[in-house]
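In: okay, predicted coordinates and the sequence, questions at the end:
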Amino acid sequence: MEEKKTLKGSRWWGVLLFAILILIDQVTKVVADVYFGNVPSAKDSIAIIPGVIELTMEYNRGIAFSMFSDIGKIGKIAIVAGTAVLMAVIAVVYFKLDKRRTWLRFALVLIVAGGVGNLIDRVFYQVWDPATATGFRDGVRDMVRVDFKIVDFGVCNFADFFISFGAVAFILSLLFFDKDALLPVGKKYKALAAEAAAAEQKAA
């Protein structure tokens, strides 16, 4: 029987989710940029959970935790190009995956959306060009400070959240929610794991 084609069962739900996540990331960056203005400072912050989560504004010309902010032009171009290639590869993998591997596909969409969201900022602000380092509005726009005392995540944005959640979902899929999971959970993934094991045994 031909598989019934639905948005949930197709690969295009991931494209729709990707578009929504990119929209969320870019809109929140624009709103924060406009609200906090050109001169972010300690007094220009809004406490959501005092001492833990606050809204502020920073511009990052590097990658996570501002690493590689001071590397040269070639290094920054390499980061931009490498990110673009990596996101394209992950997107290709997403479209090639079995449509039943929902959890893993969801994780990949989150990771690609986060990577592309920050890539848009790096390209728009041309972070590889020293001439664009004006001190304000000159890099990836970060607006959420998260500090759990034990671990200070610094200032990040929604694209960073997408990448982080995607990484967690990816790990969970490898452990529990995939045909290749170490400990498949639920009827769906147990069936997929059994199917994969049977196919492997038959190939052997």
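Out: Received it, and whenever you're ready, just let me know what you need. Numbering: from 1, shown residues only.
In: okay, now the unreliable bits of this protein?
Out: With pLDDT under 70 as the threshold, the chain has low-confidence stretches at 1-9, 37-43, 65-70, 131-137, 204.
In: so where do the helices sit in it?
Out: Listed in chain order, the helices of the chain (DSSP state H) span 12-36, 73-96, 102-124, 158-175, 186-203.
In: let me have these in a markdown table, extended by distance to Tyr59 and mean neighbour count.
Out: Where you see a C-beta, it was placed from the backbone N, CA and C, and this is true even at glycine. Rendered in a markdown table, the data for these read as follows (distance: least, C-beta to C-beta, whole Å; neighbours: other C-beta atoms under 10 Å):
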| stretch | distance to Tyr59 | mean neighbour count |
| --- | --- | --- |
| helix 12-36 | 9 | 16 |
| helix 73-96 | 14 | 14 |
| helix 102-124 | 9 | 22 |
| helix 158-175 | 14 | 18 |
| helix 186-203 | 42 | 13 |
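In: include distance to Ile49 when you put these into a markdown table, please.
Out: Conversion of the helices of the chain to a markdown table gives the following (distance: least, C-beta to C-beta, whole Å):
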| stretch | distance to Ile49 |
| --- | --- |
| helix 12-36 | 17 |
| helix 73-96 | 31 |
| helix 102-124 | 23 |
| helix 158-175 | 15 |
| helix 186-203 | 34 |
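In: Thr56 is nearest to which of those?
Out: Set against Thr56 and scored by C-beta to C-beta, the helices of the chain come closest in helix 12-36, at 7.0 Å.
In: which elements pack onto that closest one?
Out: With contacts defined as 3 or more C-beta pairs under 8 Å, 6 or more residues apart in numbering; DSSP states H and E, helix 12-36 has these neighbours: strand 53-60, helix 102-124, strand 140-147, helix 158-175.
In: ok, back up a step: closest one to Glu54 among the helices of the chain?
Out: Set against Glu54 and scored by C-beta to C-beta, the helices of the chain come closest in helix 12-36, at 11.7 Å.
In: mind checking the helices of the chain for the one nearest to Asp147?
Out: If you check each of the helices of the chain against Asp147 by C-beta to C-beta, helix 158-175 wins as the nearest, at 14.4 Å.
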